[in-house]
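*Asks:* output the structure for:
(chains A, B, C and D)
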2 protein chains.
Amino acid sequence: MPQGRCRRHGNGPCSCGMGNIYRFVEPVVLFLLKTKGHSHGYELAGDLAECTLTDSSVDLGGLYRILQRLEGEGFVVSEWDTSGAGAARRMYAITPAGENRLRQWVTVLGNMTRSMNAFLERAKESGVVPLAEGGSDHAAR
Amino acid sequence: MPQGRCRRHGNGPCSCGMGNIYRFVEPVVLFLLKTKGHSHGYELAGDLAECTLTDSSVDLGGLYRILQRLEGEGFVVSEWDTSGAGAARRMYAITPAGENRLRQWVTVLGNMTRSMNAFLERAKESGVVPLAEGGSDHAAR
DNA sequence: ATCTTATATATGCAAGTTGCATATATAAGA
DNA sequence: TCTTATATATGCAACTTGCATATATAAGAT
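*Replies:* Numbering: from 1, shown residues only, chains lettered A, B, ... in the order given. The predicted model follows:
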């Protein structure tokens, strides 16, 4: 938990309060749009809950803002879908620029995992690891 | 790159503009203090440059702020060291609470790498991967 | 008929983080 | 005396985050 610490669960090693960046919201959204073809915010929120490592569900308001930003940057496009019953849905699709962005994310995340593994390796060698008090990570459920 | 995008390098897949969280500043600082015994901000900045995955060096002002926050949270303690020549150094040391925090970070980062690898695996299976245009990650140097 | 719930999108706001610039002081070397 | 390296620290605008709230439609329950 970096800066915005988890205010709900106190001080255990949980992944709450990490913000959307730690939940890989942007790359996962781009990936979902790439594989699904198209989707809308409310549906993406459900899919995201299964792709991310945190117990805290992604903030819906934040997700809509991320989609708005991605559209402003040209990585996704949207249009209203009033065909179905119920409230209108804003359907999103990924653009070629967005697909390129996704490939970039894969590169960056690949570098990150390598760095993180190297750090964890060093930490284990140094014997920092044994039994974290206050134990279980909420994210590990 | 998430929200605060890299303003310097345009649109290549670099790890700039990711903020300190993506550079693992907090866990790496705690780890360095644990293994070194004690250190000060300016020295930690040099060590951090070798432990993090970004090309952009950690912002020194930001690092000092992180150290201040960590002290406020009881994870490190500091005192002035005026013994050596030159400007006074504020020497930091990790506390028992900080060591516990570090163990929690190891747990959380371990979960993160597993989630990231699972995502990258899925992305590769879906054929999203091939050749990101705008190619090299600055972080990969 | 009315109430509640689920679906669906969106904004307001306070608190926090970030990058960049800047201010400060000490000492070594040119 | 000037520049550079060491060393700490704050100001500020821009952005992100979590939480609360506002909105509208429709299905199902009472």
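*Asks:* any weak-confidence spans in chain A?
*Replies:* The model of chain A has pLDDT under 70 over residues A:1-23, A:52-57, A:130-141.
*Asks:* who touches the helix or strand containing A:Ser78?
*Replies:* Element membership for A:Ser78, per DSSP states H and E: strand A:76-81. Outside strand A:76-81, the residues that touch it by CB atoms under 8 Å, 6 or more residues apart in numbering or on different chains are A:29-30, A:33, A:40, A:67, A:70-71, A:88-95, A:98. Bear in mind the C-beta positions are built from the backbone N, C-alpha and C, glycine included.
*Asks:* ok, and the most crowded of those residues?
*Replies:* Taking other CB atoms under 10 Å in any protein chain shown as the neighbour criterion, A:Val29 ranks highest of the contacts of strand A:76-81 with 29 neighbours.
*Asks:* give the contact list for that residue.
*Replies:* A:Leu44, A:Leu48, A:Leu63, A:Ile66, A:Leu67, A:Leu70, A:Val76.
*Asks:* now do the SS call for it.
*Replies:* Recorded secondary structure, A:Val29: helix (DSSP: H, G, I helix; E, B strand; the rest coil).
*Asks:* please report how far it lies from B:Gly127.
*Replies:* Between A:Val29 and B:Gly127 the computed distance is 18 Å (CB to CB, to the nearest Å).
*Asks:* would you map the strands across chain A?
*Replies:* All strands of chain A, identified by DSSP state E, fall at A:39-40, A:76-81, A:89-94.
*Asks:* top helix in chain A by residue count?
*Replies:* helix A:96-125 (DSSP state H).
*Asks:* anything in that one near chain B?
*Replies:* Yes - contact between helix A:96-125 and chain B, assessed by CB under 8 Å from any CB of the partner chain, occurs at A:99-100, A:102-117, A:119-120, A:122-124.
*Asks:* okay, the angle between that helix and strand A:76-81?
*Replies:* Here the directions of helix A:96-125 and strand A:76-81 differ by 120 degrees (axes from the mean of the first three to the mean of the last three CA atoms, to 10 degrees).
*Asks:* quick revisit: whichever of the residues of helix A:96-125 next to chain B end up buried, select them in PyMOL.
*Replies:* Buried members of the residues of helix A:96-125 next to chain B, defined by 16 or more other CB atoms under 10 Å in any protein chain shown, are picked up in PyMOL with:
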select buried, chain A and resi 99+100+102+103+104+105+106+107+108+109+110+111+112+113+115+116+119+120+123
